[in-house]
Each structure stands twice: as C-alpha cells, then as structure tokens.
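Student: sequence plus the predicted model coming up.
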Amino acid sequence: MLRIHFTSEDLSRTRLASRPDPLWEITASLHRLQSRLGRWAHAAWYREARTAIAAQHLGVTVRTLLCPLFPRATYFPDFLTPAEAADGLRSGLDAVLDTPPARIRHEIGLLAKVRKVPPDMYRVADDDVRAHLVGALRRYHDAVIAPYGDRMQARVDAECARRGRDLLHGGADGLLRGLGPAMRWRPPVLEVEYVGGVDRDLLLGGRGLLLIPSYFCWQKPTSFADPDLPPVLLYPLAPAGPTSRPRPAEIPLAALLGRTRAAVLRASTYGATNSEIARAVSVSAANASHHTTVLRDSGLIASHRHANTVLHTLTPLGAALLRLPDRAGRTAGAVDAGPG
C-alpha cells in the first residue's frame with residue numbers, strides 16, 4: 001500500500017496531466033509485453049506490437065536491453081521516466097541523456113537488489129551506451145506507441161473531462177475521491193494499491209501531486225521510488241466500453257453531416273452530457289439523445305457513465321473529423337449541410 005499524505009497546500013497544487021507521458025507509456029507497454037496481466041485489454045495492440053517489433057528488427061533490443069531495464073518488478077530506475085517527458089518524447093529522451101552517471105549507477109544498483117541484472121548494465125552510465133539506449137527507446141516508441149497516439153489522447157481527453165467535473169463539483173476532495181477503484185481517499189491520505197505490494201508512505205510536503213492517466217498501465221498505479229523526486233502518480237485509465245463501427249448502409253452520410261448533428265459533435269469536444277448538449281445546441285433533451293446515439297453508433301463519440309449521468313466525448317475519428325477543413329476553410333464541425 002502506498003499512502004500519499006496531503007497538506008492543504010498539496011491539495012491546491014494537485015493537477016492532472018492532459019496528455020499521455022511517452023516514457024511512462026513506454027514503461028507500461030513493456031510491462032504488458034512481459035506479463036499476461038492485462039494483455040486481454042490490449043490484445044490488438046499486443047499482436048500489432050509483436051509484428052512491428054519483428055518488422056523493425058527490434059526483438060533482440062527489446063529482450064536484452066529494454067525489458068531488463070524496465071522489468072515488471074517492485075522497482076525500475078527512476079531516471080528512465082523523467083519529469084521532462086511531460087513536454088514530449090524529445091524532451092524526455094534529452095533528460096535521459098543528461099542524467100548524471102553517478103545517479104544511473106546508483107539506480108541500477110537498487111535494481112540489482114530486487115532482481116538479477118547483467119554486469120554490463122552498469123555501462124548505461126557511459127555516454128555512448130546511453131545514446132544507444134535513447135535511440136532504442138525512440139525506435140520502440142515509433143514502432144508500437146506512436147501508431148496508438150490518437151486513441152490514447154482521446155482516452156486521456158475523456159478522463160480529463162470526467163475528472164474536471166469532479167473538481168468542478170467537489171474541489172480537490174471530489175477529484176481524489178473519484179479516482180478509484182485502486183485508490184481510496186481518506187483525508188488527508190490517498191491510499192493506493194501499489195505495484196508489487198510495496199508498503200510505504202509518501203509525504204508531499206507542499207509539492208503537490210501530478211496525476212498521470214495512462215493507457216498501458218494496468219490495474220495498479222505506480223510512482224517514483226525516490227521520494228525526493230517531483231511527486232507523480234501514474235494510474236490506469238478505466239477500460240473503454242465497446243463502440244460500434246459505422247455501417248454506411250445503415251447510417252447515410254447526410255445524417256452524419258447535418259447542421260444540428262455537427263453542432264452536437266462539436267459540443268462533445270471537451271465532454272458533455274445530453275442536457276448540456278441540448279442547451280448548447282438549442283434542442284430538446286430527447287433530440288440531443290437521438291443525435292448522440294447516431295454519433296456513437298457511427299464511431300464519432302464514446303459515451304461513459306459517470307455517477308447519474310452519461311458523458312459523451314470524441315473518439316479519435318470524431319476528433320479527426322472536426323479537424324478537417326471544408327472548402328470554405330472552416331472546420332467540419334461548422335459545416336452547414338442542411339437540417340440535422
């Protein structure tokens with residue numbers, strides 16, 4: 001159990017990452033490759049990842065370099081998931097390159113206490129070997145993470161919309177209380193079912209906490225082992241509900257591009273309930289429900305039950321449609337294509 005202790009200052013400084021962290025996602029995805037746990041939830045990705053790894057001749061690198069450095073264990077080196085990765089893959093990899101060699105050797109020594117490591121792993125502290133590691137991480141990300149970028153971002157967007165509502169209606173207390181099921185808010189402590197069953201306390205001490213929703217993290221959250229690093233908590237996104245694929249014979253294109261339905265799609269950009277959509281588009285709640293059903297069945301929005309309401313958010317396909325300009329230079333969401 002990880003117990004995270006908050007002060008009033010920490011509550012005001014707690015925040016939620018608005019996009020996937022590339023190095024944390026690399027870490028969690030490597031854990032999915034090393035374990036059957038959660039593989040069913042990423043079955044399509046697992047098949048495609050194995051194919052991509054083989055096609056890019058990354059198999060030996062993944063087995064002999066990445067998996068030993070990123071073991072699915074109670075510990076892996078903190079320097080591999082630097083805070084700078086919040087600004088993108090390049091920033092994160094630059095931070096890995098700039099890690100002091102003494103810190104790298106120390107953290108690999110900590111890893112050696114929980115599992116056997118090859119003697120040459122300490123050479124990661126050498127500049128040339130670390131440059132090779134960074135190149136391998138970039139190639140791995142390009143092969144198996146980047147192709148899932150849109151759907152990962154869409155899931156994180158939906159999570160941010162839900163957590164934003166918790167914060168709006170209940171403040172930081174509501175945000176932390178809604179995180180479950182592996183996290184329980186017992187003010188002023190957040191109890192977390194931690195990876196590996198580790199039992200420890202984390203005192204935030206006014207630094208706040210960065211919550212990072214993760215696509216590939218499975219069941220149990222994780223964090224830095226070093227309590228002196230900026231506090232973060234990587235936690236798994238709730239499983240996505242099944243979505244229907246569009247069937248052109250049953251859903252005419254004109255029904256998808258009508259003026260009202262385009263407005264409903266646009267109103268779902270940051271997450272909205274049927275009643276909020278009805279107010280935004282000036283239609284009845286029943287009419288809004290009809291339009292969201294069509295959009296959901298066509299694969300343009302996803303619907304998530306949240307407390308007593310249903311929250312609608314864009315899928316990657318819906319987001320892409322809104323980004324497409326029409327001939328007048330407007331976005332698809334603004335197209336006036338006739339009555340909805």
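Tutor: Nice, thanks for sending it over. Residues are numbered from 1 along each chain as shown.

Student: which parts of this structure are helices?
Tutor: Along the chain, counting by DSSP state H, helices occupy 8-13, 22-34, 43-55, 59-61, 67-69, 89-97, 101-114, 127-140, 149-177, 253-256, 259-267, 274-281, 285-297, 316-323.

Student: what mean pLDDT does the fourth one get?
Tutor: This means helix 59-61. Helix 59-61 carries an average pLDDT of 95.

Student: the longest one now?
Tutor: Taken as a whole, helix 149-177 carries a mean pLDDT of 86.

Student: then the third one?
Tutor: Confidence over helix 43-55 (mean pLDDT, whole number) is 93.

Student: and the closest residue to residue 70 other than its chain neighbours, how close does it get to residue 190?
Tutor: Nearest non-adjacent residue to residue 70, counting by CB to CB, 6 or more residues apart in numbering: residue 30, 4.4 Å away. Using the backbone N, CA and C atoms, a C-beta is placed for each residue, glycine as well. For residue 30, the distance to residue 190 equals 26 Å [CB to CB, to the nearest Å].

Student: the two: who's more crowded?
Tutor: For residue 30 versus residue 190, neighbours defined as other CB atoms under 10 Å are more numerous around residue 190 (25 against 22).

Student: so who does the more buried one touch?
Tutor: Neighbouring residues of residue 190 by CB atoms under 8 Å, 6 or more residues apart in numbering: 3-4, 6, 176, 179, 183-184, 209, 233.

Student: touching, residue 20 and residue 215? I think so.
Tutor: Yes - with contact defined as CB atoms under 8 Å, residue 20 counts as touching residue 215 (6.0 Å).

Student: need the residues touching each of these two.
Tutor: Residues touching both residue 20 and residue 215 (CB under 8 Å, 6+ apart) are 152, 156.

Student: returning to what we had before: got the helices of the chain as CSV, with distance to residue 194 columns?
Tutor: Shown next, in CSV, are these (distance: least, CB to CB, whole Å):
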stretch, distance to residue 194
helix 8-13, 19
helix 22-34, 14
helix 43-55, 24
helix 59-61, 29
helix 67-69, 21
helix 89-97, 23
helix 101-114, 14
helix 127-140, 25
helix 149-177, 16
helix 253-256, 45
helix 259-267, 39
helix 274-281, 36
helix 285-297, 36
helix 316-323, 31
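
Student: what is the neighbour count of residue 166?
Tutor: Residue 166 - counted by other CB under 10 Å - has 20 other residues nearby.

Student: could I get the contacts of residue 190 as CSV with neighbour count and distance to residue 128?
Tutor: Formatted as CSV, the contacts of residue 190 follow (neighbours: other CB atoms under 10 Å; distance: CB to CB, whole Å):
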residue, neighbour count, distance to residue 128
3, 15, 41
4, 24, 39
6, 25, 43
176, 27, 44
179, 19, 42
183, 21, 41
184, 15, 46
209, 23, 37
233, 22, 34
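
Student: so which of those residues comes closest to residue 275?
Tutor: Nearest to residue 275 among these, counting by CB to CB, is residue 179 at 25.1 Å.

Student: hey, what's the residue lying closest to the closest one once chain neighbours are set aside bridged with?
Tutor: Distance criterion CB to CB, 6+ apart; nearest residue to residue 179, sequence neighbours excluded, is residue 235 at 6.7 Å. Residue 235 forms beta bridges with residue 213, as assigned by DSSP bridges.

Student: in the stretch 201-340 of the chain, where is pLDDT below threshold?
Tutor: 239-257, 270, 306-307, 323-340 (pLDDT under 70).

Student: run the last query once more with 50
Tutor: Along the stretch 201-340 of the chain, segments meeting pLDDT under 50 span 241-254, 325-340.
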